[in-house]
Each structure stands twice: as structure tokens, then as C-alpha cells.
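1. I'll drop the sequence and a predicted model, then ask my questions.
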Amino acid sequence: MTDRFLLAQITDMHIKAGGKLSYRVVDTETSLARCIAHLLRLPQLPDAVLFTGDLTDFGR
């Protein structure tokens, strides 16, 4: 079989509400946006994207 399936995984995003910085350092919204922009520039787009791990920071 020669069919290929490209899977991207984004994990442990720790998104903070309202654009707050994670640990007073990381802009998680911008980091996620940059990650998605990078995926969209790939020569072959992923067939699926898995969002795993901690999606938010402390469940908020």
C-alpha cells in the first residue's frame, strides 16, 4: 500500500484565558497561532491534527 497519512500532534498547550501569560513568560495564544500557521505552510497539509495533553492551564 502506498497511501500515506500525515498526522500532526500538538500537545500540552496550557492555553490561558484572556491572553494571560503562562508562568508570566509564555504567550500561549500566540504560540498556538504560530504552530498552526507553521502547519498551514507545510508542503503537505496534515490529514488530521491531534490536540493532546493539557489543553488549558489548571482547567481554566
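-> Structure received. Numbers count the residues shown, from 1 in each chain.
2. in contact with the closest residue to residue 7 other than its chain neighbours, which residues?
-> In this structure, residue 7 finds its nearest non-sequential neighbour in residue 48, 5.5 Å apart by C-beta to C-beta, 6 or more residues apart in numbering. Quick note: C-beta positions are derived from backbone N, CA and C, even for glycine. Applying C-beta atoms under 8 Å, 6 or more residues apart in numbering to residue 48 gives the contacts 5, 7-8.
3. now swap in residue 5 and tell me
-> Contacts of residue 5 (C-beta under 8 Å, 6+ apart): 47-48.
4. hang on, it in a strand?
-> No - with DSSP: H, G, I helix; E, B strand; the rest coil as the criterion, residue 5 is located in coil rather than a strand.
5. from residue 49, how far out is it?
-> Distance of residue 5 to residue 49, computed by C-beta to C-beta, to the nearest Å: 12 Å.
6. now do the strands in this structure.
-> Along the chain, the stretches classed as strands by DSSP state E are 7-11, 48-52.
7. tell me the strands beside the last one, with direction?
-> Looking at strand 48-52 with DSSP bridges, its paired strands and their directions are strand 7-11 (parallel).
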